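1. Quick check, what structure comes out for this input:
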Amino acid sequence: MYTISRSIRKLKRATHRIAEGDFDYDPQIPPGDEVGDLARDFTSMAARLKVLEQMSLDASPLTRLPGNIAIERVLSKRLASNELFAVCYVDLDNFKAYNDRYGYIKASEVIKMTAEIVYEAVGALNEEDSFVGHVGGDDFIIVVSSDNAAPVCENVISTFDREIRGHYSAEDLAKGAIEGADRYGVHRIFPIMTISIAAIICQKGLYDSAVDIAKNAADMKEFLKAKPGSNYYINRRTHQRCEH
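-> Predicted coordinates for the structure are as follows:
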């Protein structure tokens, strides 16, 4: 009775420590009976809560989508599994010019709209292990099976091209463009915002890490953003291209 009572007191103390955010706290209860099993479950629960808290703190306050910590964890896990999967990097074209003309609030609405479009397009796949993350700014990431890369890209593009028109004035829509300065301060004409998606078919051996995938995607996005309209490119290591 004394041993059980002491273990319960330790569990009670562990509950308070975990509730205060000390997810690494060890109640130091030896295994071997029901109380020991319960202590082990407490430790597992605390480890899971720690991961969830990190993901919550890392999530975008604007879109509530998981951020870079979760993204890297998902990509590393997929690579370790040796499965074939697709990573789609989503980036808006001419977003800075829109932000300069319409302001932060309207630009934030476009970011939220894009997040919803991407999230719903991935959800429509009904794929159990799919993932959507917000890298930051106007950059998003999609992780789906390799077979679903093209369908999800096409869905995102068609929906975005339709919905983005509602975020411009009738005057700018009539002109099909807005005037503004680029990142170098040069005055330019910017077309109505479009979207570029660099999709990479990944597997352990083809890519060594999440950083390796990101570098490849960055090169692909530069190629896509130089082309007019909304486009996606699927890199299957055979350089097959799909555009819309």
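2. Please list the outside residues in contact with stretch 157-172.
-> 98, 102, 106, 109-110, 113-114, 117, 120-121, 173, 178, 192-195, 197, 230-232, 244 (Cβ atoms under 8 Å, 6 or more residues apart in numbering). Quick note: C-beta positions are derived from backbone N, CA and C, even for glycine.
3. Likewise for stretch 127-141?
-> By Cβ under 8 Å, 6+ apart, stretch 127-141 touches 59-60, 62-63, 65-68, 70-71, 74, 87-92, 95, 110-111, 114-115, 118-119, 122-123, 142-145, 148.
4. What residues sit buried inside that stretch?
-> The neighbour-count check on stretch 127-141 (16 or more other Cβ atoms under 10 Å) flags S130, F131, V132, G133, H134, V135, D138, D139, F140, I141 as buried.
5. same thing with stretch 214-229?
-> A214, N216, A217, M220, K221, L224.
6. Restrict that stretch to CA atoms and write it as CSV.
-> Provided in CSV are the C-alpha atoms of stretch 214-229 (Å, rounded to 0.1, in the frame of the first residue of the first chain):
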residue,chain,number,x,y,z
ALA,A,214,13.9,22.5,-51.1
LYS,A,215,17.0,23.5,-53.1
ASN,A,216,15.7,21.5,-56.2
ALA,A,217,12.2,23.1,-55.8
ALA,A,218,13.8,26.6,-55.6
ASP,A,219,15.4,26.1,-59.0
MET,A,220,12.2,24.8,-60.5
LYS,A,221,10.2,27.7,-59.2
GLU,A,222,12.5,30.2,-60.8
PHE,A,223,11.9,28.5,-64.1
LEU,A,224,8.1,28.5,-63.6
LYS,A,225,7.9,32.1,-62.4
ALA,A,226,9.5,33.4,-65.6
LYS,A,227,6.6,31.9,-67.6
PRO,A,228,3.3,33.8,-68.1
GLY,A,229,0.2,32.5,-66.4
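7. any weak-confidence spans in this structure?
-> 1-12, 14, 16, 18-25, 27-59, 237-244 (pLDDT under 70).
8. From the centroid of this protein, which residue is nearest?
-> G133 (1.0 Å; Cα atoms, centre = their mean).
9. Where does that residue sit, in terms of helix or strand?
-> Using DSSP states H and E, G133 maps to strand 131-136.
10. Just the C-alpha atoms of that strand, please, in PDB.
-> Taking Å, rounded to 0.1, in the frame of the first residue of the first chain, the C-alpha atoms of strand 131-136 are listed here in PDB:
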ATOM      1  CA  PHE A 131       0.000  17.000 -45.700                       C
ATOM      2  CA  VAL A 132      -0.300  20.800 -46.200                       C
ATOM      3  CA  GLY A 133       2.100  23.300 -44.700                       C
ATOM      4  CA  HIS A 134       2.800  27.000 -44.800                       C
ATOM      5  CA  VAL A 135       6.400  27.700 -45.400                       C
ATOM      6  CA  GLY A 136       5.800  31.500 -44.800                       C
END
